[in-house]
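Enquirer: A predicted structure for the sequence below; I have some questions about it.
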Amino acid sequence: MKSHMNNTIPDSLADLLDIRGITTSKLNTVCRELEVGNLRQLSTAAAMEQLENVPALSPEDRKNIKRYLKVDKDADQRILLWDALLQGREILRALRTLPEVEKASLAGSLRRGKDTIGDVDIVVQVKGRDYKKLLYKIERMPFSERIITAGRNRICVVLHNQLLAFIYLADEQHFGAALWYYTGSKSYNALIEHMAADKGYRIDPLGLYDRKTNKYLATKTEEDIFNYLEMDFIPPELREEQYVIDKAIAHKLPPLVTFDQLKGDMQLHSDWSDGEGSIEHMARYIFNVFPHYQYIVITDHASANRTGHVLEPGSIYLQAAEINRVNDILGFDYVKKGVEVDILENGELSLPDELLQGFDWVIASVHSQFARDNTSRLLKACENPYVHCIGHPSGRIIGSRNPYPVNWDLVFDLAAATSTAMEINARPNRLDLNDSLIRKAITAGVKLVINTDAHNLTQLDFIQLGVWMARKGGCSNTDILNTLNWKEIEKFKNRKLSSIKKDHR
Ligand SMILES: [Zn+2]
């Protein structure tokens, strides 16, 4: 903030002076010629292309101001969480090579695991304050296309994919506070600030202070803050709502599921349907790269109703023989015989029950009619004794297809009653169920399965995203079926068979 030095510039516009090439006199001219006196007015004017009417600004100035105010229609975008994560990690890796950088962490909505991301936020703990040198180095890092603003505590970089990255600088004393503050969410921060005030503290990006004496208390780490406030550490994924804060105060936050608790991936496609790899290649690769998995389930698309990139009924026994051959090589029953069937328009499935009962694991998914209410189709699939899991239950494709309407109360209640699992599909553009439906499902007692739905080997890494969504939905390992060993999964399947038999007696 430079407002005290430039008292002609309205307070809310002072940060714009950090923009490269924007001087006090240029900003004064903008305010005068466009008759704007605050950030909102300037944003409106910039969005209406009025910056073009200010001759004092260069084309570069205009571009930077619009980008900074996020009114640049060509550049404004949100990207998928997965893409932002890869980008964010690349920046972290680069920053950590600098001797000035002691710590670096993702922050913002990326650290909280939102479905889509608008900017990449990063908090860095720096040693010393040779700020110019650091800036010089950051500007030349491979991720950086250009720097828009460079304030003392914040650098705004345009990345090569035109996304903005905000790099917040903190020293050792304040890293925890900065990380806490810039992780957000804003509404969650406001709740915590309020709580801190009630306890006689003040908290901001620079630390936790005693309100009366103004004495700095602590904030090298985020844990310090939670300790002072006498509450459990709240994982970033959960920093959205009041109910989590209440649980943390009562010390009742459940431990969230972790990747190493998973015992297998239960939706994989091979070259027997639309996947790219052979079963043997996939099995050998996963066996080596994910050593804590105890099983994998091959679930190729299968249908008696359609052809092309599906397993046809006549090939099912051939695939089973191939899986047996691969298991013989590995020396145990590692690859399970699964299938993904279509839920047809009337709720029937694309394979008859006689065939379904031969599989180790059956996923039923909606692959058609995405605009209609699909409650009845999902209910009917749950009632089938041989369906173990509903695949990508809401049908959304982030950015291109909304979830179809479903009465989730009905579906989750029936899924819980019939021991039918629901999938957390980890594909970056699906994330289906999403976090709020996950929370609703586990509240109803539904068991969930985290799957990659991988069609090639690189997609196996999506599992991290699935775990992330499960955590964001508040899942512990007990909510997630594939934290169980296969014997226990067999028990889950048997519960369904007996619950449905009981109903029909
Ligand atoms: Zn599918």
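Expert: Received, thanks. Here the structure is a predicted model, which is why all the values come from computation and not from measurement.

Enquirer: what number of residues lie near the closest residue to the ion within the stretch 101-250 of the chain?
Expert: Of the stretch 101-250 of the chain, the residue with the smallest distance to the ion, taken as CB to the ion, is D115 at 18.7 Å. The C-beta positions use only the backbone N, C-alpha and C, and glycine is treated the same way. By the measure other CB atoms under 10 Å, the count of residues near D115 is 20.

Enquirer: what's the closest residue to the ion within the chain in contact with, if anything?
Expert: Here the residue of the chain nearest the ion is S365; by CB to the ion that distance is 4.2 Å. For S365, the contacting residues are 340-343, 390-392, by CB atoms under 8 Å, 6 or more residues apart in numbering.

Enquirer: What ranges does the stretch 201-350 of the chain have for its helices?
Expert: Counting by DSSP state H, counting those that start in this stretch, the stretch 201-350 of the chain has helices at residues 222-228, 242-249, 279-289, 316-330.

Enquirer: any chance of those helices in JSON lines, plus distance to E60 and mean neighbour count?
Expert: Listed next are the helices of the stretch 201-350 of the chain as JSON lines, based on distance: least, CB to CB, whole Å; neighbours: other CB atoms under 10 Å:
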{"stretch": "helix 222-228", "distance to E60": "38", "mean neighbour count": "17"}
{"stretch": "helix 242-249", "distance to E60": "44", "mean neighbour count": "16"}
{"stretch": "helix 279-289", "distance to E60": "46", "mean neighbour count": "17"}
{"stretch": "helix 316-330", "distance to E60": "59", "mean neighbour count": "15"}
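
Enquirer: What's the mean pLDDT across the helix or strand where D409 lies?
Expert: Using DSSP states H and E, D409 sits within helix 408-418. If you average the pLDDT over helix 408-418, you get 98.

Enquirer: And stretch 188-206, by the same measure?
Expert: 93.

Enquirer: Give me the buried stretch members for that stretch, please.
Expert: Neighbour counts over stretch 188-206 (16 or more other CB atoms under 10 Å) mark 188-189, 191-192, 195-196, 201-206 as buried.

Enquirer: contacting residues around the residue positioned nearest the centre of the chain?
Expert: Centroid-nearest residue in the chain: G113, 3.4 Å away (criterion: CA atoms, centre = their mean). Counting by CB under 8 Å, 6+ apart, G113 touches 81, 236-237, 435, 468-469, 471-472.

Enquirer: ok so, going back, ok, now how distant is the residue of the chain closest to the ion from V411?
Expert: Distance, S365 to V411, by CB to CB, to the nearest Å: 14 Å.

Enquirer: what residues are shared contacts of those two?
Expert: Common contact partners of S365 and V411 (CB under 8 Å, 6+ apart): none.

Enquirer: burial count for D342?
Expert: Counted with other CB under 10 Å, the neighbours of D342 add up to 23.

Enquirer: Give the bridge partners for it, please.
Expert: In this entry, D342 is beta-bridged to S365, by DSSP bridges.

Enquirer: which residues does it contact?
Expert: The neighbourhood of D342, defined by CB under 8 Å, 6+ apart, consists of 301, 303, 305-306, 349-350, 364-368.

Enquirer: rerun at 7 Å
Expert: By CB atoms under 7 Å, 6 or more residues apart in numbering, D342 lies in contact with 303, 349-350, 365, 367.

Enquirer: Those in strands, which ones?
Expert: In this view, the contacts of D342 that belong to strands under DSSP state E are S365.

Enquirer: Tell me the one among the contacts of D342 nearest to N425.
Expert: Of all the contacts of D342, S365 has the smallest distance to N425: 9.1 Å, by CB to CB.

Enquirer: Show me which helix runs longest in this structure.
Expert: helix 486-504 (DSSP state H).

Enquirer: so what secondary structure elements neighbour it?
Expert: Contact partners of helix 486-504 among helices and strands, from 3 or more CB pairs under 7 Å, 6 or more residues apart in numbering; DSSP states H and E: helix 408-418.

Enquirer: After the helix it packs on, which helix or strand is next? Please name it.
Expert: Downstream of helix 408-418, the first helix or strand assigned by DSSP H and E is strand 421-425.

Enquirer: From what I see, V341 and P352 are in contact.
Expert: No: here V341 lies out of contact with P352, judged by CB atoms under 7 Å, at a distance of 10.0 Å.

Enquirer: helix or strand for Y168, which one?
Expert: Going by DSSP H and E, Y168 is part of strand 164-170.

Enquirer: now that strand, how far from the centre of its chain.
Expert: Relative to the centre of its chain, strand 164-170 is centred 20 Å away, using CA atoms, centre = their mean, to the nearest Å.

Enquirer: Partner strands of that strand and their direction?
Expert: Strand pairing for strand 164-170, determined by DSSP bridges: strand 119-126 (parallel), strand 154-159 (antiparallel).

Enquirer: for the chain, what are the low-confidence residue spans?
Expert: Where the chain drops to pLDDT under 70, the residues are 1-7, 74-76, 501-505.

Enquirer: Would you mind naming what in it lies close to the ion?
Expert: 365, 391 (CB under 5 Å from the ion).

Enquirer: burial measure for E348, as a count.
Expert: 17.

Enquirer: Need phi/psi at the closest residue to it other than its chain neighbours.
Expert: Leaving aside its chain neighbours, E348 sits nearest to K380 (7.4 Å; criterion: CB to CB, 6 or more residues apart in numbering). Phi and psi for K380, reported as degrees, to the nearest 10, are phi -60, psi -40.

Enquirer: ok, K380 touching G347?
Expert: Yes: at 3.0 Å, K380 counts as touching G347 under the criterion of CB under 7 Å.

Enquirer: In helices only, show me the contacts of G113.
Expert: Of the positions in the contacts of G113, 81, 435, 468-469, 471-472 sit in helices, assigned by DSSP H.

Enquirer: Please, which helix or strand holds Q87?
Expert: Here Q87 sits within helix 81-96, counting by DSSP H and E.

Enquirer: Return the list of strands paired to the helix or strand just after that helix, each annotated with direction.
Expert: Tracing the chain C-terminally past helix 81-96 and defining elements by DSSP H and E, one meets strand 101-107 next. According to DSSP bridges, strand 101-107 forms sheet pairs with strand 119-126 (antiparallel).

Enquirer: Only the C-alpha atoms, please, for the partner strand, written as PDB.
Expert: Included here for strand 119-126 are C-alpha records, laid out as PDB according to Å, rounded to 0.1, in the frame of the first residue of the first chain:
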ATOM      1  CA  ASP A 119      -5.600 -17.500 -10.300                       C
ATOM      2  CA  VAL A 120      -2.800 -19.400  -8.800                       C
ATOM      3  CA  ASP A 121      -1.900 -18.100  -5.300                       C
ATOM      4  CA  ILE A 122       1.400 -18.900  -3.700                       C
ATOM      5  CA  VAL A 123       2.900 -17.900  -0.400                       C
ATOM      6  CA  VAL A 124       6.700 -17.800  -0.100                       C
ATOM      7  CA  GLN A 125       8.900 -17.500   3.000                       C
ATOM      8  CA  VAL A 126      11.900 -15.400   2.000                       C
END
